[in-house]
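In: Got a predicted structure here, sequence first:
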Amino acid sequence: MGAAVGKCGEPRSGIRETHLTRRDLLAVTALGLVAGAPGAVIAAGPDGKLTWGIHVSLAPTWFDPAETPGIITPFMVLYALHDAMVKPMPGQPLAPSLAESFSASEDGLTYDFVVRKGVKFHNGDPVTAEDVKYSFERYRGTSHDLIKDRVASVETPDPRHVRFQLKAPWPDFLTFYATATGAGWIVPKKYAEKLGDDGFKKAPIGAGPYKFVSFTPGVELVLEAFDQYWRKTPSVKRLVFKVIPEETTRLAALQRGEVDIVYSIRGELAEELRRTPGLTLKPVLSPAPFWVYFADQWDPKSPWHDERVRRAASLAIDREAMNDAITLGYSKATGSIIPYSFEYFWQPPAPVYDPAGAKQLLAEAGHPNGFDAGEFYCDSSYANVGEAVLDNLQAAGIRVRLRPLERAAFIEAYSHKKLKNLILGGSGAFGNAATRLETYVVKGGAYVYGSYPDIDALYQQQAVELNRKKRGEILDKMQQILAERTVYAPIWQLGFINGAGPRVGESGFGLIQDFAYTGPFEDITLKGS
């Protein structure tokens with residue numbers, strides 16, 4: 001997701017990585033020397049139950065790795081139900097999981113994975129190379145065309161060996177396969193074929209630490225520990241994810257002991273959580289920039305076609321006041337849609353709050369009295385962020401009407417290009433600068449309503465550039481153009497505030513780098529266990 005073997009800037013392998021730890025890992029990976037994680041830890045059987053208060057309605061599509069939509073939310077469930085060949089884990093941004101080892105050829109055209117011996121799906125079937133191949137071919141989520149167009153073939157020389165042959169060296173193969181998509185999360189071929197796509201979502205079977213028990217739409221998801229999970233037997237017997245969209249109700253449920261962990265508590269409610277004896281505030285600086293997207297900027301008839309209007313909207317947003325009021329200062333104002341922690345992040349100028357400057361730009365653009373900007377769409381779980389942005393825009397003369405949509409409906413409408421005018425977007429998905437640009441900026445991306453030819457051309461250049469320094473320069477240029485044209489008005493990198501009750505031992509918050517939710521689930525404990 002840096003250089004592998006060879007001199008700095010002249011890697012001998014086609015693999016790149018985002019962090020120093022990944023450099024060490026993938027340097028030996030290129031030589032075929034990566035070993036799997038330690039074997040299963042002998043432990044007492046799981047006991048007890050933990051209950052989550054979830055801030056969004058759970059969508060059955062999130063139970064199927066094949067349909068991951070380029071956001072982090074499905075991984076809230078995937079880390080429990082399913083497992084991947086390699087995935088981000090504590091201390092390892094690319095940890096061998098269902099793959100006990102993986103390697104890359106010197107020319108960067110071949111990636112080999114060895115399936116861990118003895119790993120099983122929840123129905124007892126062994127995880128085989130055929131399941132890995134099937135899961136890749138079945139994948140239809142975000143970036144599916146990109147990754148499949150670059151893979152020439154997937155071969156299974158034997159039941160434990162999978163080989164990906166690329167059409168040309170691609171520095172980001174592992175980043176897309178292992179982190180930015182669900183293509184490397186494995187489902188059982190025979191079972192999935194027997195049930196079909198709709199049937200699989202109703203009764204999913206995976207190879208993760210927890211198995212599916214029941215799902216009541218709009219109410220709860222119940223999971224039970226899989227005692228044959230390869231890494232370790234989970235400590236907690238049963239997990240219950242209760243859907244509680246209303247923030248006040250979520251906090252009250254935590255205070256009454258009806259739930260043990262809650263996601264997304266903000267503002268005065270977060271202060272109340274912090275003051276409540278026995279409860280613990282669990283803030284995470286997530287890799288989730290938020291932004292205002294000017295979806296109509298490519299329409300010459302739209303006011304958003306004028307770059308001055310877009311810059312005016314950005315100047316009108318008081319990011320620091322929003323941060324203090326909504327996320328207790330835990331968020332970080334940003335001028336980028338790329339997280340600070342991502343490889344190839346380019347540091348843009350700090351965003352500026354200048355309402356007078358915003359009004360002046362609007363006047364220069366022919367809107368001295370402002371204008372009616374129509375509807376402003378947002379995920380309903382972040383309606384309070386949308387309302388704060390709305391107030392800022394309206395103070396500058398940009399009149400908008402907020403349209404909150406439930407998360408699954410919002411993502412569906414956003415990705416199918418059904419929204420207009422303004423969109424409050426955000427993403428906490430794994431990856432690097434290139435994966436985020438592919439999804440949100442470059443022509444054909446899952447959430448791209450229009451694009452700029454020069455940015456598209458630069459993206460194609462960096463995708464095949466094997467020199468890390470040169471590639472970084474291209475990606476820097478792309479991000480610089482993005483900022484100069486105000487394609488987006490970035491707001492902040494979200495400080496995601498959560499809470500845990502007195503029964504929780506290890507909550508799982510912050511264990512996996514760049515992951516906003518709890519995990520790994522097999523590491524979560526009840527106090528005293």
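Out: Thanks, I have it.

In: buried residues in stretch 345-362?
Out: 345-346, 348, 351, 353-355, 358-359, 361-362 (16 or more other CB atoms under 10 Å). C-beta: built from backbone N, CA, C; applies to glycine.

In: Report the secondary structure state of residue 425.
Out: Classification of residue 425 using DSSP: H, G, I helix; E, B strand; the rest coil returns strand.

In: That one and residue 314, how far apart?
Out: In this view, residue 425 and residue 314 are 14 Å apart by CB to CB, to the nearest Å.

In: Same check on residue 91?
Out: Computed as CB to CB, the residue 91 to residue 314 distance reads 37 Å.

In: Between those two, which has more neighbouring residues?
Out: Set residue 91 next to residue 314 and count neighbours by other CB atoms under 10 Å: residue 314 wins out with 24 against 10.

In: pretty sure residue 343 is in contact with residue 433, am I right?
Out: Yes: with contact defined as CB atoms under 8 Å, residue 343 counts as touching residue 433 (6.6 Å).

In: which residue ranges form the helices in the stretch 1-150 of the chain?
Out: Ranges of helices within the stretch 1-150 of the chain are 20-29, 75-81, 129-138, 144-150, based on DSSP state H, counting those that start in this stretch.

In: Pull the contacting residues for residue 303.
Out: By CB atoms under 8 Å, 6 or more residues apart in numbering, the contact set of residue 303 is 309, 365, 367, 371, 373.

In: What subset of those is buried?
Out: 309, 365, 367, 373.

In: quick one: secondary structure of the residue nearest in space to the middle of the chain?
Out: With distances taken as CA atoms, centre = their mean, the chain has residue 429 as the residue nearest its mean C-alpha position (1.5 Å). Assigned by three-state DSSP, the conformation of residue 429 is coil.

In: Quick check, it in contact with residue 180.
Out: Yes: shown here, residue 429 and residue 180 form a contact pair, counting by CB under 8 Å, at 6.3 Å.

In: Spell out which residues are contacts of both of these two.
Out: Common neighbours of residue 429 and residue 180, using CB under 8 Å, 6+ apart, are 70, 435, 439.

In: ok, the second one touching residue 174?
Out: It stands for residue 435. No: counting by CB under 8 Å, residue 435 stays clear of residue 174, with 11.1 Å between them.

In: if we can go back for a sec, who wins for proximity to residue 276 among the helices of the stretch 1-150 of the chain?
Out: Counting by CB to CB, residue 276 lies closest to helix 75-81 out of the helices of the stretch 1-150 of the chain; the figure is 24.2 Å.

In: I'd like to know which elements the closest one is packed against.
Out: strand 210-216, strand 220-225 (3 or more CB pairs under 8 Å, 6 or more residues apart in numbering; DSSP states H and E).

In: How much space separates residue 80 from residue 414?
Out: Counting by CB to CB, the separation of residue 80 from residue 414 is 26 Å.

In: Of those two, which one has the most company?
Out: Set residue 80 next to residue 414 and count neighbours by other CB under 10 Å: residue 80 wins out with 27 against 24.

In: Of all the helix elements in the chain, which one is longest?
Out: helix 468-484 (DSSP state H).

In: Mind listing what's buried along the helix or strand following that one?
Out: Next helix or strand after helix 468-484 toward the C-terminus (DSSP states H and E): strand 488-500. Using 16+ other CB under 10 Å as the test for burial, strand 488-500 gives 488-500.

In: Ok, stretch 411-430 next?
Out: Neighbour-count burial for stretch 411-430, counted by 16+ other CB under 10 Å, picks out 411, 414-415, 419-430.

In: Among the residues you listed, which one sits closest to residue 105?
Out: residue 430 (24.5 Å).

In: got the contact list for that closest one?
Out: Counted by CB under 8 Å, 6+ apart, residue 430 has contacts 72, 75, 88, 179-180, 287, 514-515.

In: try 10 Å this time
Out: For residue 430, the contacting residues are 1, 18, 72, 75, 87-88, 93, 175, 178-181, 287, 339, 342, 436, 512-515, by CB atoms under 10 Å, 6 or more residues apart in numbering.

In: cool, residue 306 as well?
Out: Neighbours of residue 306 in contact, by CB under 10 Å, 6+ apart: 297, 300, 312, 361-362, 364-367.

In: Which element, helix or strand, includes residue 437?
Out: Going by DSSP H and E, residue 437 is in helix 433-440.

In: re the thing from before, would you point out the most distant pair within the buried ones among the contacts of residue 303?
Out: The two members of the buried ones among the contacts of residue 303 with the most space between them (CB to CB) are 365 and 373, at 12.6 Å.

In: Chain neighbours aside, what residue packs nearest to the residue nearest to the centre of the chain?
Out: Residue nearest to residue 429 in three dimensions, not counting chain neighbours: residue 72, with 5.1 Å by CB to CB, 6 or more residues apart in numbering.

In: Touching, that neighbour and residue 284? I think so.
Out: No: counting by CB atoms under 10 Å, residue 72 stays clear of residue 284, with 11.3 Å between them.
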